[in-house]
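**Q** Fold the following.
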Amino acid sequence: AGKETAANALEGGISLTVVPGGVMGQALTQHGKAGMYVKNRKGFCKLALEHGAALVPVYIFGETHLTKDLSVMRPVSKFLAQNLWIGIPPQYGSYGFLPFKPPKGLVAVVGKPIAVKKTENPDWEKDVIPLHAKFLAALEKLYNDNRKEYGYEGIPLVDFADLENKVAGAGSGADAKKKD
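**A** So this is what the prediction gives:
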């Protein structure tokens, strides 16, 4: 759903589940890495500010163990995600298309809600960026507080945008300053 649909739902009192990584997160996910694709996604924070909607960090342990990488297809998958918003992860599973069973299963860990004060016309630098930083810190804490229990001890949480930038030799990401 797009921003307008999300805004209408929030105005109607409906809670939303937003997966900020989207199709690019699918394209960049790597087997066995503890990752996310949130660093370059800030629009959900702006939407939360506009509607006074709390943000709740959630991390799903085991998700990156469902498939293995087919890295030869990563450039095609990334192109489709960037240009056509089509998510075809460059991965395979058991018997080709069925997911593998993660070592400890799939476990969703839910953090404490971050209260967000409704702000008309939130300022990007003053409002959105600090809320995004607070959300990232809460998500990282949630991961670090639970990783040992779910078999991720010694595996750092990474943002796949950072891995993408290292491979591409880029700086902080082309869409890092995007405002919507």
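
**Q** Give me the distance from the single longest helix found in the chain to the chain's centre.
**A** Of all the elements of type helix in the chain, the one with the most residues (DSSP state H) is helix 129-146. Taking CA atoms, centre = their mean, to the nearest Å, one finds helix 129-146 lying 12 Å from the centre of the chain it belongs to.

**Q** Stretch 73-81 too?
**A** With CA atoms, centre = their mean, you get 18 Å for stretch 73-81.

**Q** For that stretch, list the C-alpha coordinates in CSV.
**A** Only the C-alpha atoms of stretch 73-81 are listed here, as CSV (Å, rounded to 0.1, in the frame of the first residue of the first chain):
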residue,chain,number,x,y,z
MET,A,73,20.7,-13.1,-9.7
ARG,A,74,21.2,-10.3,-7.2
PRO,A,75,21.8,-7.6,-9.8
VAL,A,76,18.6,-8.5,-11.7
SER,A,77,16.6,-8.6,-8.4
LYS,A,78,18.0,-5.2,-7.4
PHE,A,79,17.2,-3.7,-10.8
LEU,A,80,13.6,-5.0,-10.6
ALA,A,81,13.2,-3.7,-7.1
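
**Q** Please spell out which residues along that stretch are buried.
**A** Buried residues in stretch 73-81, counted by 16 or more other CB atoms under 10 Å: 73-74, 77-78, 80-81. Glycine gets a C-beta too; all of them are placed from N, C-alpha and C.

**Q** before we move on, the earlier item: list the buried residues of the longest helix of the chain.
**A** Using 16+ other CB under 10 Å as the burial criterion, the residues of helix 129-146 that qualify are 131-132, 135-136, 138-140, 142-143.

**Q** which strands and helices sit next to the helix or strand hosting residue 45?
**A** Element membership of residue 45, judged by DSSP states H and E, is helix 43-51. Contacts defined by 3 or more CB pairs under 8 Å, 6 or more residues apart in numbering; DSSP states H and E place helix 43-51 against helix 3-11, helix 129-146.

**Q** Do a quick rundown of the strands in the chain.
**A** All strands of the chain, identified by DSSP state E, fall at 34-36, 58-61, 68-69, 91-92, 107-110, 157-159.

**Q** Cheers, nothing more for now.
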